[in-house]
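Peer 1: Quick one, what's the 3D model for this:
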Amino acid sequence: MHVQEWLDTVPAAAVYAVVALVIGLESLGIPLPGEIILVSAALLSSQHGGIDPVVLGACASAGAVIGDSIGYAIGRKGGRPLLAWLGRKFPKHFSEGHVSTAERSFQKWGMWAVFFGRFVALLRIFAGPLAGVLRMPYWKFLIANVLGGIVWAGGTTAVIYYVGVVAEDWLKRFSWLGLVVAVLIGIASVLIVKRRASKAQQTPEPVTAGE
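Peer 2: Here you go, the predicted model:
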(Lines give C-alpha, C1' and ligand atoms only; values in the text may rest on other atoms or scores of the structure.)
Protein backbone atom coordinates (compact mmCIF):
# COMPACT_ATOMS: atom_id res chain seq x y z
CA MET A 1 0.00 0.00 0.00
CA HIS A 2 1.34 3.46 -0.87
CA VAL A 3 2.10 5.90 1.95
CA GLN A 4 -0.65 8.31 0.89
CA GLU A 5 -3.23 5.52 0.64
CA TRP A 6 -2.31 4.34 4.14
CA LEU A 7 -2.48 7.87 5.58
CA ASP A 8 -5.92 8.25 4.00
CA THR A 9 -7.20 5.36 6.14
CA VAL A 10 -6.34 6.90 9.53
CA PRO A 11 -7.86 9.89 11.40
CA ALA A 12 -6.41 13.37 10.95
CA ALA A 13 -4.95 13.38 14.48
CA ALA A 14 -3.09 10.16 13.70
CA VAL A 15 -1.71 11.72 10.49
CA TYR A 16 -0.33 14.66 12.48
CA ALA A 17 1.19 12.29 15.05
CA VAL A 18 2.74 9.98 12.45
CA VAL A 19 4.29 12.90 10.55
CA ALA A 20 5.73 14.45 13.71
CA LEU A 21 7.02 11.10 14.99
CA VAL A 22 8.66 9.93 11.75
CA ILE A 23 10.29 13.30 11.08
CA GLY A 24 11.40 13.50 14.71
CA LEU A 25 13.00 10.05 14.62
CA GLU A 26 14.68 10.82 11.30
CA SER A 27 16.06 14.08 12.69
CA LEU A 28 17.23 12.20 15.76
CA GLY A 29 19.47 10.09 13.52
CA ILE A 30 17.34 7.08 12.55
CA PRO A 31 17.13 6.59 8.76
CA LEU A 32 13.40 6.92 8.05
CA PRO A 33 11.51 8.38 5.04
CA GLY A 34 10.49 11.60 6.78
CA GLU A 35 10.33 13.64 3.59
CA ILE A 36 8.17 11.03 1.83
CA ILE A 37 5.75 10.98 4.77
CA LEU A 38 5.58 14.78 4.85
CA VAL A 39 5.03 15.15 1.09
CA SER A 40 2.36 12.42 1.10
CA ALA A 41 0.54 13.99 4.06
CA ALA A 42 0.70 17.48 2.54
CA LEU A 43 -0.67 16.19 -0.75
CA LEU A 44 -3.41 14.37 1.14
CA SER A 45 -4.33 17.58 2.99
CA SER A 46 -4.94 19.28 -0.37
CA GLN A 47 -7.56 16.63 -1.16
CA HIS A 48 -8.85 15.89 2.35
CA GLY A 49 -10.79 18.62 4.15
CA GLY A 50 -10.19 17.04 7.56
CA ILE A 51 -6.42 17.59 7.49
CA ASP A 52 -5.40 21.18 8.19
CA PRO A 53 -2.16 22.07 6.33
CA VAL A 54 -1.27 24.67 8.98
CA VAL A 55 -1.53 22.11 11.80
CA LEU A 56 0.32 19.60 9.65
CA GLY A 57 3.16 22.04 9.01
CA ALA A 58 3.34 22.94 12.70
CA CYS A 59 3.52 19.26 13.72
CA ALA A 60 6.19 18.55 11.12
CA SER A 61 8.23 21.57 12.27
CA ALA A 62 7.91 20.54 15.92
CA GLY A 63 9.01 17.00 15.11
CA ALA A 64 12.01 18.29 13.16
CA VAL A 65 13.16 20.71 15.89
CA ILE A 66 12.61 18.35 18.82
CA GLY A 67 14.17 15.38 17.02
CA ASP A 68 17.24 17.37 16.05
CA SER A 69 17.64 18.64 19.62
CA ILE A 70 17.46 15.12 21.05
CA GLY A 71 19.95 13.97 18.41
CA TYR A 72 22.28 16.81 19.42
CA ALA A 73 22.12 15.78 23.09
CA ILE A 74 22.76 12.12 22.22
CA GLY A 75 25.66 13.03 19.94
CA ARG A 76 27.23 15.31 22.54
CA LYS A 77 27.07 12.58 25.15
CA GLY A 78 27.97 9.62 22.93
CA GLY A 79 30.77 11.28 20.96
CA ARG A 80 32.59 9.46 18.18
CA PRO A 81 31.92 5.99 19.62
CA LEU A 82 28.26 6.72 18.84
CA LEU A 83 29.09 7.34 15.17
CA ALA A 84 31.06 4.09 15.06
CA TRP A 85 28.08 2.23 16.55
CA LEU A 86 25.70 3.83 14.07
CA GLY A 87 28.07 2.84 11.27
CA ARG A 88 27.79 -0.79 12.31
CA LYS A 89 24.01 -0.65 12.67
CA PHE A 90 23.30 1.46 9.56
CA PRO A 91 26.32 1.01 7.25
CA LYS A 92 24.40 2.34 4.25
CA HIS A 93 23.75 5.72 5.90
CA PHE A 94 26.54 6.07 8.47
CA SER A 95 29.50 4.73 6.52
CA GLU A 96 32.91 6.32 7.11
CA GLY A 97 32.62 8.11 3.76
CA HIS A 98 29.25 9.64 4.62
CA VAL A 99 30.43 10.65 8.08
CA SER A 100 33.55 12.29 6.63
CA THR A 101 31.50 14.17 4.03
CA ALA A 102 29.06 15.46 6.65
CA GLU A 103 31.88 16.38 9.02
CA ARG A 104 33.64 18.42 6.33
CA SER A 105 30.36 20.24 5.63
CA PHE A 106 29.98 21.10 9.31
CA GLN A 107 33.56 22.26 9.68
CA LYS A 108 33.24 24.46 6.60
CA TRP A 109 29.76 25.91 7.06
CA GLY A 110 29.11 25.63 10.79
CA MET A 111 25.52 26.45 11.76
CA TRP A 112 24.61 26.91 8.08
CA ALA A 113 25.25 23.18 7.64
CA VAL A 114 22.50 22.56 10.20
CA PHE A 115 20.12 24.95 8.43
CA PHE A 116 20.70 23.81 4.85
CA GLY A 117 21.29 20.22 5.94
CA ARG A 118 17.58 20.06 6.63
CA PHE A 119 17.01 20.09 2.86
CA VAL A 120 19.49 17.26 2.12
CA ALA A 121 18.48 13.71 3.02
CA LEU A 122 21.91 12.61 4.25
CA LEU A 123 22.64 15.73 6.31
CA ARG A 124 19.10 15.73 7.68
CA ILE A 125 19.90 12.46 9.45
CA PHE A 126 23.38 13.60 10.52
CA ALA A 127 22.71 17.19 11.57
CA GLY A 128 21.67 16.68 15.20
CA PRO A 129 24.01 13.89 16.31
CA LEU A 130 27.01 15.22 14.38
CA ALA A 131 26.57 18.76 15.72
CA GLY A 132 26.61 17.26 19.21
CA VAL A 133 29.66 15.10 18.50
CA LEU A 134 31.54 18.14 17.16
CA ARG A 135 30.36 20.12 20.21
CA MET A 136 28.85 22.99 18.27
CA PRO A 137 27.67 25.66 20.74
CA TYR A 138 24.08 24.80 21.53
CA TRP A 139 22.73 28.32 20.97
CA LYS A 140 24.08 28.31 17.41
CA PHE A 141 22.68 24.86 16.82
CA LEU A 142 19.30 25.82 18.26
CA ILE A 143 18.93 28.91 16.04
CA ALA A 144 19.85 26.99 12.89
CA ASN A 145 17.75 24.01 13.97
CA VAL A 146 14.58 26.03 14.62
CA LEU A 147 14.88 28.13 11.46
CA GLY A 148 15.77 25.15 9.29
CA GLY A 149 13.00 22.99 10.72
CA ILE A 150 10.34 25.65 10.20
CA VAL A 151 11.46 26.62 6.70
CA TRP A 152 11.85 23.00 5.54
CA ALA A 153 8.78 21.45 7.16
CA GLY A 154 6.48 24.44 6.85
CA GLY A 155 7.70 25.37 3.38
CA THR A 156 7.43 21.83 2.05
CA THR A 157 3.92 21.48 3.44
CA ALA A 158 2.80 24.80 1.93
CA VAL A 159 4.32 24.15 -1.50
CA ILE A 160 2.99 20.59 -1.81
CA TYR A 161 -0.44 21.64 -0.51
CA TYR A 162 -0.88 24.41 -3.07
CA VAL A 163 0.56 22.28 -5.86
CA GLY A 164 -1.95 19.58 -4.93
CA VAL A 165 -4.86 22.05 -4.98
CA VAL A 166 -3.82 23.46 -8.37
CA ALA A 167 -3.16 20.00 -9.78
CA GLU A 168 -6.55 18.70 -8.66
CA ASP A 169 -8.32 21.68 -10.24
CA TRP A 170 -6.27 21.29 -13.42
CA LEU A 171 -7.02 17.57 -13.62
CA LYS A 172 -10.74 18.28 -13.28
CA ARG A 173 -10.55 20.70 -16.19
CA PHE A 174 -8.32 18.34 -18.10
CA SER A 175 -10.88 15.55 -17.78
CA TRP A 176 -13.42 17.67 -19.72
CA LEU A 177 -10.76 18.81 -22.16
CA GLY A 178 -9.66 15.23 -22.67
CA LEU A 179 -13.24 14.19 -23.40
CA VAL A 180 -13.64 16.96 -25.97
CA VAL A 181 -10.32 16.09 -27.63
CA ALA A 182 -11.22 12.40 -27.69
CA VAL A 183 -14.56 13.17 -29.36
CA LEU A 184 -12.91 15.43 -31.96
CA ILE A 185 -10.28 12.80 -32.74
CA GLY A 186 -13.01 10.18 -33.09
CA ILE A 187 -15.02 12.36 -35.50
CA ALA A 188 -11.89 13.21 -37.51
CA SER A 189 -10.98 9.52 -37.74
CA VAL A 190 -14.44 8.61 -39.04
CA LEU A 191 -14.34 11.39 -41.65
CA ILE A 192 -10.87 10.35 -42.83
CA VAL A 193 -11.94 6.70 -43.15
CA LYS A 194 -15.08 7.67 -45.09
CA ARG A 195 -13.10 9.94 -47.41
CA ARG A 196 -10.56 7.24 -48.17
CA ALA A 197 -13.34 4.69 -48.73
CA SER A 198 -15.07 7.09 -51.13
CA LYS A 199 -11.86 7.60 -53.13
CA ALA A 200 -11.30 3.87 -53.31
CA GLN A 201 -14.77 3.35 -54.78
CA GLN A 202 -14.24 6.06 -57.41
CA THR A 203 -10.90 4.64 -58.57
CA PRO A 204 -11.40 2.27 -61.57
CA GLU A 205 -10.22 -1.26 -60.93
CA PRO A 206 -7.41 -2.46 -63.22
CA VAL A 207 -8.39 -4.90 -65.98
CA THR A 208 -6.59 -8.23 -65.88
CA ALA A 209 -5.10 -9.82 -68.98
CA GLY A 210 -7.72 -12.54 -69.13
CA GLU A 211 -10.66 -10.13 -69.33
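Peer 1: going forward, measure contacts and count neighbours with C-alpha atoms only.
Peer 2: Noted.
Peer 1: For residue 74, which non-adjacent residue is closest in space?
Peer 2: residue 129 (6.3 Å; CA to CA, 6 or more residues apart in numbering).
Peer 1: again but with residue 96, I slipped
Peer 2: Nearest one to residue 96, counting by CA to CA, 6+ apart, is residue 87 at 7.3 Å.
Peer 1: Distance-wise, check the one you found relative to residue 59.
Peer 2: Residue 87 is 30 Å from residue 59, where distance means CA to CA, to the nearest Å.
Peer 1: can you pull out the helices in the protein?
Peer 2: In the chain, helices defined by DSSP state H lie at 3-7, 12-28, 34-45, 53-89, 96-109, 111-117, 121-133, 138-149, 155-202, listed in chain order.
Peer 1: Tell me which residues are up against the fifth one.
Peer 2: In other words, helix 96-109. 83, 87, 113-114, 122-123, 126, 130-131 (CA atoms under 8 Å, 6 or more residues apart in numbering).
Peer 1: Need the winner for burial among the helices of the chain.
Peer 2: helix 121-133 (a mean of 26; mean count of other CA atoms under 10 Å).
Peer 1: Need the residues that contact that one.
Peer 2: 26-31, 67-80, 93, 98, 102-103, 106, 113-114, 117-118, 141.
Peer 1: and what of stretch 20-36?
Peer 2: Stretch 20-36 is contacted from outside by 3, 19, 37-38, 59-72, 93, 124-129, using CA under 8 Å, 6+ apart.
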